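Trainee: pasted the sequence and its predicted model underneath.
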Amino acid sequence: MAKGERATDGRVYWGRRPDELAASCVEQAARDGFTLDLQPDAPVVPDEFFTWLVERTTWSDIEGLVRRLGDVGCAWVNLRFALQDDGSALVRYEAKPDGEPLPDGGIPACNGGFDSQRLMSWEQFWRLHPPASDT
């Protein structure tokens, strides 16, 4: 859904939806040689450095989590899709609430990606994802 489109309940999406981001992350994981199988019961947990975020949920409620974060003033939610040691999916999230709901009941934009940095050496990561040149 494009930025500014309305959900069926009338709330406005400020950008990318979680399912749209997830689809591109599944593709990125495959390009990197990993299988990201995002099941409804996949845990969604706050990033360990965002200590003010405490809500834990599952992928099946990701839309609800994103909406609740919009209700406390988060304009964006960073979703990092990862794999646990057993190969199952895990989603870490980051957000910065300011305490005021988004205008028009806005739904935060989702950004982020496949968290391959935690799954491979830095050498392998940079070989697969070379930094942009400074030209």
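Mentor: Thanks, I have it. Numbering: from 1, shown residues only.
Trainee: so for the protein, the centremost residue is which one?
Mentor: residue 79 (1.6 Å; C-alpha atoms, centre = their mean).
Trainee: surely residue 80 meets residue 47?
Mentor: Yes. Counting by C-beta atoms under 8 Å, residue 80 touches residue 47, with 7.1 Å between them. Using the backbone N, CA and C atoms, a C-beta is placed for each residue, glycine as well.
Trainee: now the common contact residues for the two.
Mentor: Shared contacts of residue 80 and residue 47 (C-beta atoms under 8 Å, 6 or more residues apart in numbering): 92, 93, 94.
Trainee: need the contact list for the last one.
Mentor: If I follow you right, that is residue 94. In this structure, residue 94 makes contact with 46, 47, 49, 50, 53, 77, 78, 80, judged by C-beta under 8 Å, 6+ apart.
Trainee: distance of it from residue 50?
Mentor: 5 Å (C-beta to C-beta, to the nearest Å).
Trainee: what do you get for residue 25?
Mentor: Distance, residue 25 to residue 50, by C-beta to C-beta: 19 Å.
Trainee: repeat that for residue 130.
Mentor: For residue 130 relative to residue 50 (C-beta to C-beta), the value is 29 Å.
Trainee: looking at those two, which one has more neighbours?
Mentor: Legend: neighbour count by other C-beta atoms under 10 Å for residue 130 and residue 50, higher for residue 50 (14 against 8).
Trainee: surely the more buried one is in contact with residue 97?
Mentor: No. Taking contacts as C-beta under 8 Å, residue 50 lies outside contact range of residue 97: 10.2 Å.
Trainee: just curious, which of the shared contacts of residue 80 and residue 47 is nearest to residue 5?
Mentor: Among the shared contacts of residue 80 and residue 47, residue 93 lies closest to residue 5 (C-beta to C-beta), at 22.3 Å.
Trainee: and for that closest one, the neighbour number?
Mentor: For residue 93, the neighbour count with other C-beta under 10 Å is 25.
Trainee: tell me the secondary structure for it?
Mentor: The three-state label given to residue 93 by DSSP: H, G, I helix; E, B strand; the rest coil is strand.
Trainee: next up, the contacts around it.
Mentor: Counted by C-beta under 8 Å, 6+ apart, residue 93 has contacts 44, 45, 46, 47, 50, 53, 65, 77, 78, 79, 80.
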